[in-house]
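Student: please work out how this folds:
(one chain, ligands or ions: 1)
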Amino acid sequence: MTKKIDRYAVMGNPIDHSQSPRIHALFAAQTGQALDYRAILVERGGFAEAARDFGGRGGRGLNVTAPFKQDAWVFADLLSAAAERAGAVNTLIFEAGGVRGENTDGPGLVRDLTVNHGYPLAGQRILVVGAGGAARGILQPLLLEKPSQLVVANRTSETALELALRFGDLGRLSGCGFHDLVGQQFDLIVNATAAWVEDAAPPLPENVLVSGGWCYDMSYGKRPSPFMRWAQGCNAGRVLDGLGMLVEQAAEAFQLWRGVRPDTAPVIEALREVGS
Ligand code: ATR
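Tutor: Alright, predicted model coming up:
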């Protein structure tokens with residue numbers, strides 16, 4: 001009799017450009033784990049049914065990407081404290097007692113910045129641009145690193161203010177619109193907007209990045225994003241894309257599922273080689 005292989009998947013829409021199957025295949029090879037991981041395209045509005053079906057067929061875990069992170073939050077039977085507060089889930093673990101929801105995006109970002117790039121978040125003035133699902137997932141882990149200030153700025157300022165209220169008890173956090181940033185300066189700017197979809201950079205005021213400051217785009221593509229190009233014109237010390245975060249959040253998920261943490265450095269390197 002052949003041994004059944006544990007099944008995992010990423011669900012999203014669109015999903016064809018997802019790097020997750022490749023990342024998890026590399027993790028599995030590296031740690032000697034036998035598993036099957038594939039990408040599943042899910043129709044909008046169809047997440048709960050697709051996830052239930054996947055679990056019903058013995059699926060062990062899911063990664064969840066746009067636009068289903070809030071649906072996954074609703075779907076989970078049990079939430080970690082961080083996922084509960086974020087209102088977004090990117091990792092589901094199917095267990096005998098029910099489906100557990102976690103959010104590994106924030107820990108992935110923090111690990112990429114602090115461990116892979118040696119950036120000390122403590123004491124820094126940080127600006128997060130955007131107040132959607134991507135921003136929600138990173139605010140708590142960033143605040144736990146004790147920056148001197150964390151500002152969330154959004155095109156729709158009300159949403160930024162809502163997030164500041166939701167996470168404000170965890171540290172020095174405020175919310176505002178882009179115009180309110182005039183005259184302020186930050187050591188690190190994290191782009192959590194979906195402005196790249198319109199091939200645009202968020203309209204940030206001049207001099208909002210301190211000379212030599214760092215810019216991080218949570219998105220990842222073959223070419224530098226409009227935000228990264230904007231950052232390069234701002235005398236930034238470093239301009240980073242979200243590939244490292246993508247691999248780190250996947251490693252957190254892999255550890256939750258398999259109980260072993262893969263080494264991310266060779267995987268990031270392998271993906272960079274393919275992308276270049
Ligand atoms: P995600 O889950 O990727 O965060 P989302 O919840 O749709 O996606 O949120 C998208 C974010 O990108 C929002 O903060 C959005 O701003 P609004 O709340 O004002 O819609 C932001 N965004 C999208 N297009 C943008 C653009 N062209 N310029 C600036 N911000 C933009």
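Student: going by C-alpha atoms from here, please, whenever you check contacts or count neighbours.
Tutor: OK.
Student: now do the worst-scoring helix or strand of the chain on mean pLDDT: distance to the chain's middle.
Tutor: One helix or strand of the chain scores below all others by mean pLDDT, DSSP states H and E: helix 265-275, with a mean of 92. Distance, stretch centre to chain centre, for helix 265-275: 18 Å (C-alpha atoms, centre = their mean, to the nearest Å).
Student: just the C-alphas of it, formatted as PDB.
Tutor: Provided in PDB are the C-alpha atoms of helix 265-275 (Å, rounded to 0.1, in the frame of the first residue of the first chain):
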ATOM      1  CA  ALA A 265      18.400  31.900   3.100                       C
ATOM      2  CA  PRO A 266      19.000  29.300   0.300                       C
ATOM      3  CA  VAL A 267      15.300  29.500  -0.700                       C
ATOM      4  CA  ILE A 268      15.400  33.300  -1.000                       C
ATOM      5  CA  GLU A 269      18.600  33.000  -3.100                       C
ATOM      6  CA  ALA A 270      17.100  30.300  -5.400                       C
ATOM      7  CA  LEU A 271      14.000  32.500  -6.000                       C
ATOM      8  CA  ARG A 272      16.200  35.600  -6.800                       C
ATOM      9  CA  GLU A 273      18.200  33.500  -9.300                       C
ATOM     10  CA  VAL A 274      15.000  32.400 -11.100                       C
ATOM     11  CA  GLY A 275      13.600  36.000 -11.000                       C
END
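Student: show me what it is packed against.
Tutor: Identification of packing neighbours for helix 265-275 by 3 or more C-alpha pairs under 8 Å, 6 or more residues apart in numbering; DSSP states H and E yields helix 20-31, helix 243-258.
Student: quick one: it to helix 243-258, angle?
Tutor: Between helix 265-275 and helix 243-258, the angle comes out at 130 degrees (axes from the mean of the first three to the mean of the last three C-alpha atoms, to 10 degrees).
Student: so which residues make contact with helix 265-275?
Tutor: The set of residues external to helix 265-275 that reach it, using C-alpha atoms under 8 Å, 6 or more residues apart in numbering, is 23, 26, 27, 222, 243, 244, 247.
Student: out of the helices and strands packed on helix 265-275, the one nearest the ligand is which?
Tutor: Among the helices and strands packed on helix 265-275, helix 243-258 comes nearest to the ligand, with 13.5 Å by C-alpha to the nearest ligand atom.
Student: distance of residue 64 from the ligand?
Tutor: Distance, residue 64 to the ligand, using C-alpha to the nearest ligand atom, to the nearest Å: 11 Å.
Student: quick check, pLDDT for that residue.
Tutor: pLDDT for residue 64: 97.
Student: would you report the backbone torsion angles of the nearest residue to it once chain neighbours are set aside?
Tutor: In space, and not counting its chain neighbours, residue 64 is closest to residue 90: 4.5 Å by C-alpha to C-alpha, 6 or more residues apart in numbering. Main-chain torsions, residue 90, degrees, to the nearest 10: phi -120, psi 0.
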